[in-house]
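1. just the structure for this:
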Amino acid sequence: MAILIDETKRVIIQGITGREGQARAKLMLGYGTRVVGGCTPGKGGQEVLGVSVFDGVAEAMAHAEAHEGGPVDISVVLVPAKFVKCAAIEAIEAGVKLLVLVPDRVPVWDAMEIAASAKAHGAQFVGPNTLGVISPGKAVVGMIGGRAASAKAWFKVGSVGVISRSGGMSSSTAYYLGREGIGCSTICHVGGDSVLGLRFPDVGLLFEADAQTEAIVVFGEIGGSMEEDLAALMRAGRVTKPVVAYIGGKAAKEGTRFSHAGAIIEGGKGTHEGKVKALTEAGAVVVESFGDLAGATKLILGAQ
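-> This next block holds a predicted model:
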């Protein structure tokens, strides 16, 4: 089954006529994603890689409902950071239920407003500052994999769900799992910002409900409480599938930012030690070195 994205989901790209929009459209189309339209104000009537461009999301939604068998399921937002809030809220108000917010440097207050709009309209979003989501062999949204050929070569179809706070390590985790003969159901980069849409516990629950996923692999970091919140779900019996995790930032001291805006220890919270302890006590296998993640996952799968 996979989660969030598959070959049936109808996808639009906001900002498709820009350089990034065109590059990522090429990736998504080449991988097999069902891209049914693009949006750029003032560029309606054009085409990009054979995809019709509309001035707004409402027009793209109407086109999808009339010609693609149903409404737009997902919008991938690839506009400059200062325009992300307006683009995201436009899509949410038009009825899109899942957004993938790729740009970094989206202001925190803008992300909070997007979150409020999504909650009010029953929508969800991944990001900001995400490479996106890929369900190997089915579809990709965002820019994970870079090129279609790379994505097809690196990411194998299988039964492990990957959740990561790092874009590069999302790909690396799936790549090294593949070298151990382990494929993935879905790889989700939740993003590295301090205010996010879908977080580790949200994605963990989606994997728990997914028939294809047998185990969950986590690439975590210091800062925030996502890992601890996932551990709480495990202790409550809401996430019962095996979890294998690596937590980056062990050597970071309080006040030091590790890689991402959301990866900072403040007030003694979000420490490496605390995250390892919470996950271990909840039953997860937490490895000391990233290089051990794939091997530990192979052992867990073999023991089931």
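
2. where in this protein is pLDDT low?
-> Along the chain, segments meeting pLDDT under 70 span 250-269, 303-304.

3. tell me where it has helices.
-> 19-31, 57-67, 81-94, 108-121, 148-154, 167-179, 200-208, 226-235, 272-281, 293-303 (DSSP state H).

4. turn those into JSON lines, including distance to Gly38 and mean neighbour count.
-> Bear in mind the C-beta positions are built from the backbone N, C-alpha and C, glycine included. Output for the helices of the chain, formatted as JSON lines (distance: least, CB to CB, whole Å; neighbours: other CB atoms under 10 Å):
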{"stretch": "helix 19-31", "distance to Gly38": "7", "mean neighbour count": "20"}
{"stretch": "helix 57-67", "distance to Gly38": "7", "mean neighbour count": "18"}
{"stretch": "helix 81-94", "distance to Gly38": "12", "mean neighbour count": "21"}
{"stretch": "helix 108-121", "distance to Gly38": "20", "mean neighbour count": "16"}
{"stretch": "helix 148-154", "distance to Gly38": "17", "mean neighbour count": "16"}
{"stretch": "helix 167-179", "distance to Gly38": "23", "mean neighbour count": "20"}
{"stretch": "helix 200-208", "distance to Gly38": "27", "mean neighbour count": "21"}
{"stretch": "helix 226-235", "distance to Gly38": "32", "mean neighbour count": "22"}
{"stretch": "helix 272-281", "distance to Gly38": "39", "mean neighbour count": "18"}
{"stretch": "helix 293-303", "distance to Gly38": "37", "mean neighbour count": "17"}
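
5. Glu214: which of those helices is closest?
-> helix 293-303 (6.7 Å; CB to CB).

6. could you check the angle the closest one makes with helix 167-179?
-> Going by axes from the mean of the first three to the mean of the last three CA atoms, to 10 degrees, helix 293-303 is angled at 50 degrees with respect to helix 167-179.

7. CA atoms of helix 293-303 as CSV?
-> Coordinates of each C-alpha in helix 293-303 appear next as CSV, following Å, rounded to 0.1, in the frame of the first residue of the first chain:
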residue,chain,number,x,y,z
LEU,A,293,21.3,1.1,11.1
ALA,A,294,20.8,-1.1,8.1
GLY,A,295,22.3,-4.2,9.7
ALA,A,296,20.2,-3.8,12.8
THR,A,297,17.1,-3.5,10.6
LYS,A,298,18.0,-6.7,8.8
LEU,A,299,18.3,-8.5,12.1
ILE,A,300,14.9,-7.2,13.3
LEU,A,301,13.2,-8.3,10.0
GLY,A,302,14.9,-11.7,10.2
ALA,A,303,13.6,-12.2,13.7
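
8. show me how far that helix is from its chain's centre.
-> 23 Å (CA atoms, centre = their mean, to the nearest Å).

9. show me the contact partners of that helix.
-> Identification of contacts with helix 293-303 by CB atoms under 8 Å, 6 or more residues apart in numbering yields 159-160, 173, 176-177, 179-182, 214-215, 217, 219, 242, 244, 246, 285, 287.

10. many thanks, I have nothing further to ask.
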